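S.K.: here's a sequence, model it:
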Amino acid sequence: MKTIDIFQLAIEKKASDIFIIAGRPLSFKIMGDIVSYDDIQLSADDTYGIIYDIFKVANQESLDELSTEGDVDFSFSLPKLGRFRVSAYKQRNSFAAVIRVVLFELPDPVKLGIPDVVMNLHSKTKGLILITGPAGSGKSTTLACLIDKINTERNCHIMTFEDPIEYIHKHKRSIVSQREISTDSKSYISSLRSSLRQAPDVMLIGEMRDLETIEIALTAAETGHLVLSTLHTTGAANTIDRIIDVFPSNQQQQVRIQLSMQLQAVISQHLIPSPVRGRAAAFEVMLSTNAVSNLIRESKVHQLNSVIYSSEGKGMKSMDTSIYELYKNGIISKENAVLHSIDPDLMLKLLNKQ
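M.R.: Numbering: from 1, shown residues only. Below you'll find the model as predicted:
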């Protein structure tokens with residue numbers, strides 16, 4: 001099979017990922033399940049040849065960096081097909097790759113089940129909005145939907161900093177500058193520092209991955225920018241703790257104060273298998289209120305879950321409430337509702353009352 005045919009097949013199968021790994025047949029992730037293309041296991045020579053061809057198609061210089069560093073990430077587009085995010089790496093002394101498939105058209109938030117309260121965050125003009133969840137939970141997709149909403153509704157300068165770029169945004173009412181780390185800039189840090197001189201109104205940071213990135217994000221939010229970013233955390237309380245714990249102990253109280261003033265929302269999401277949608281997203285939503293700000297400032301983050309539960313009629317929503325609603329609407333099964341809930345025993349009791 002030609003390399004270009006692999007990408008064509010992935011689009012036809014509506015796959016989210018392509019797996020090229022020695023000792024296993026060519027595989028696709030479809031609706032959350034990994035499915036083999038055939039019964040022919042790829043050899044180390046096979047994976048080398050396929051990945052070599054991918055580098056050529058993507059106009060990457062050579063496999064030298066992959067051989068030397070052990071892993072390399074990049075993205076590229078194929079006309080009339082889609083955009084592909086490649087993570088190539090070495091394993092068991094052979095080359096392997098996992099390729100994320102991204103269609104050219106931007107996703108529809110309604111079809112994805114993104115709540116209105118999340119999409120309404122596009123109207124915020126300053127502060128920090130965080131989308132959190134494990135890898136593969138759809139954080140980048142939710143961010144893309146929010147950026148597209150801002151692009152459609154507002155007249156401003158949007159700057160994105162991604163590694164790599166996943167969704168391409170056309171200029172609509174706004175100007176959209178998209179910078180890919182390593183291609184358009186050396187690092188997140190250098191691009192973010194220079195961006196403050198480039199008149200951004202909205203900044204999307206692909207991931208707040210270290211202390212310096214978080215510091216710049218907080219500074220940008222403090223100076224009147226709207227900053228959107230992601231973290232690999234689950235739940236609002238864990239997210240706040242993760243940010244604070246990155247800093248030295250002598251700075252943590254100052255960071256609590258900054259977060260209490262700048263945080264607009266924390267959206268945590270999780271994908272659950274669904275017979276209706278393939279995978280359905282459940283969302284925990286925490287919005288900034290006086291009560292939330294006070295708990296963050298006073299280092300009582302463990303009480304945030306109680307505030308979310310008590311404010312569910314005011315736009316906030318707990319993860320288990322979101323999961324229960326998916327079950328109630330026939331989108332997920334009872335088994336998956338219990339399996340993916342935060343409190344399985346309480347969820348089971350609630351479902352048994354139905």
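
S.K.: tally up the residues packed near Leu78, please.
M.R.: The burial metric for Leu78, expressed as a neighbour count using other CB atoms under 10 Å, is 15. C-beta coordinates here come from the backbone N, C-alpha and C atoms, glycine included.

S.K.: grab the nearest non-local neighbour of it.
M.R.: What sits nearest to Leu78 in space, not counting adjacent residues and going by CB to CB, 6 or more residues apart in numbering, is Phe7, at 5.9 Å.

S.K.: can you give me the strands in this structure?
M.R.: 17-20, 27-30, 33-36, 71-78, 82-91, 94-102, 127-132, 157-162, 175-180, 202-205, 226-231, 263-274, 278-287 (DSSP state E).

S.K.: lowest-confidence stretch among these?
M.R.: With a mean of 87, strand 71-78 has the lowest mean pLDDT of those.

S.K.: relative to strand 94-102, how tilted is that one?
M.R.: Following axes from the mean of the first three to the mean of the last three CA atoms, to 10 degrees, one obtains 40 degrees for the angle between strand 71-78 and strand 94-102.

S.K.: now do the buried residues in strand 71-78.
M.R.: For strand 71-78, burial by neighbour count (16 or more other CB atoms under 10 Å) applies to Val72, Phe74, Ser75.

S.K.: again, but for stretch 29-48
M.R.: For stretch 29-48, the buried set under the neighbour-count rule, 16+ other CB under 10 Å, comprises Lys29, Tyr37, Leu42, Asp46, Thr47, Tyr48.

S.K.: what does stretch 126-138 give?
M.R.: Counting neighbours by 16+ other CB under 10 Å, stretch 126-138 gives Lys126, Gly127, Leu128, Ile129, Leu130, Ile131, Thr132, Gly133, Ser137, Gly138 as buried.

S.K.: can I get the residues you listed in CSV with distance to Pro164?
M.R.: As requested, the buried residues of stretch 126-138 are arranged in CSV below (distance: CB to CB, whole Å):
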residue, distance to Pro164
Lys126, 28
Gly127, 27
Leu128, 23
Ile129, 22
Leu130, 21
Ile131, 18
Thr132, 20
Gly133, 19
Ser137, 18
Gly138, 17
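
S.K.: need the max-distance pair from these.
M.R.: Of all pairs drawn from those, the widest gap by CB to CB lies between Lys126 and Ser137 and measures 26.5 Å.

S.K.: burial measure for the nearest residue to Gly315 once chain neighbours are set aside, as a count.
M.R.: Leaving aside its sequence neighbours, Gly315 sits nearest to Val117 (CB to CB, 6+ apart; 4.7 Å). If you count neighbours by other CB under 10 Å, Val117 ends up with 16.
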